[in-house]
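Engineer: next come a sequence and a model predicted from it.
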Amino acid sequence: MISRVLTTEFEEAVREVLVQSWDPIGIKDDPEWPKDEYDAYISEICAFLLRGEPDDFIARHLCFIEKSLMGLGSTGVSERLPVARKLKAVGARYTSA
């Protein structure tokens, strides 16, 4: 279990990866767009990371969000694996004791 302070830092780190590396709608380059656009997905992704879900599971979930929740054309899982690996690295930083 991680503390509330670490939970907030963990969520911020996940948000950073989502905005800087995933960003399917292109908010990172628009200074007027709120950077909390992907916050609805953070808690579930954090839960997956805490459970130790594999890279391909995380990548498939990102594709699911794009297609089913955002209504975008789905990017292939292989194209989302680098993002999944970054998210897993974040998870490892906050779950290692």
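Structural biologist: Thanks, I have it.
Engineer: can you give the contact residues for stretch 30-42?
Structural biologist: By CB atoms under 8 Å, 6 or more residues apart in numbering, the surrounding residues in contact with stretch 30-42 are E11, V14, R15, L18, V19, W22, I25, I27, I65, L69. No exception for glycine: its C-beta is placed from N, CA and C like everyone else's.
Engineer: out of those residues, which is most surrounded?
Structural biologist: In terms of neighbours by other CB atoms under 10 Å, these top out with L18 at 25 neighbours.
Engineer: tell me the contacts of that residue?
Structural biologist: Y38, Y41, I42, I45.
Engineer: just give me the residue closest to the centre of this structure.
Structural biologist: L18 (4.6 Å; CA atoms, centre = their mean).
Engineer: look up the pLDDT of that residue for me, please.
Structural biologist: On pLDDT, L18 comes in at 97.
Engineer: returning to what we had before: could the contacts of L18 be laid out in JSON lines, adding distance to F57 and secondary structure?
Structural biologist: Output for the contacts of L18, formatted as JSON lines (distance: CB to CB, whole Å; DSSP: H, G, I helix; E, B strand; the rest coil):
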{"residue": "Y38", "distance to F57": "18", "secondary structure": "coil"}
{"residue": "Y41", "distance to F57": "14", "secondary structure": "helix"}
{"residue": "I42", "distance to F57": "16", "secondary structure": "helix"}
{"residue": "I45", "distance to F57": "11", "secondary structure": "helix"}
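Engineer: take these and lay them out in a markdown table including pLDDT.
Structural biologist: Shown next, in a markdown table, are those (pLDDT from 0 to 100):
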| residue | pLDDT |
| --- | --- |
| Y38 | 95 |
| Y41 | 97 |
| I42 | 96 |
| I45 | 97 |
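Engineer: neighbouring contacts of the lengthiest helix in the chain?
Structural biologist: With secondary structure taken from DSSP state H, the chain has its longest helix at helix 77-95. Contacts with helix 77-95, where a contact means CB under 8 Å, 6+ apart, come from 2, 6, 9-10, 13-14, 17, 21-22, 45-46, 49-50, 52, 55-60, 62-63.
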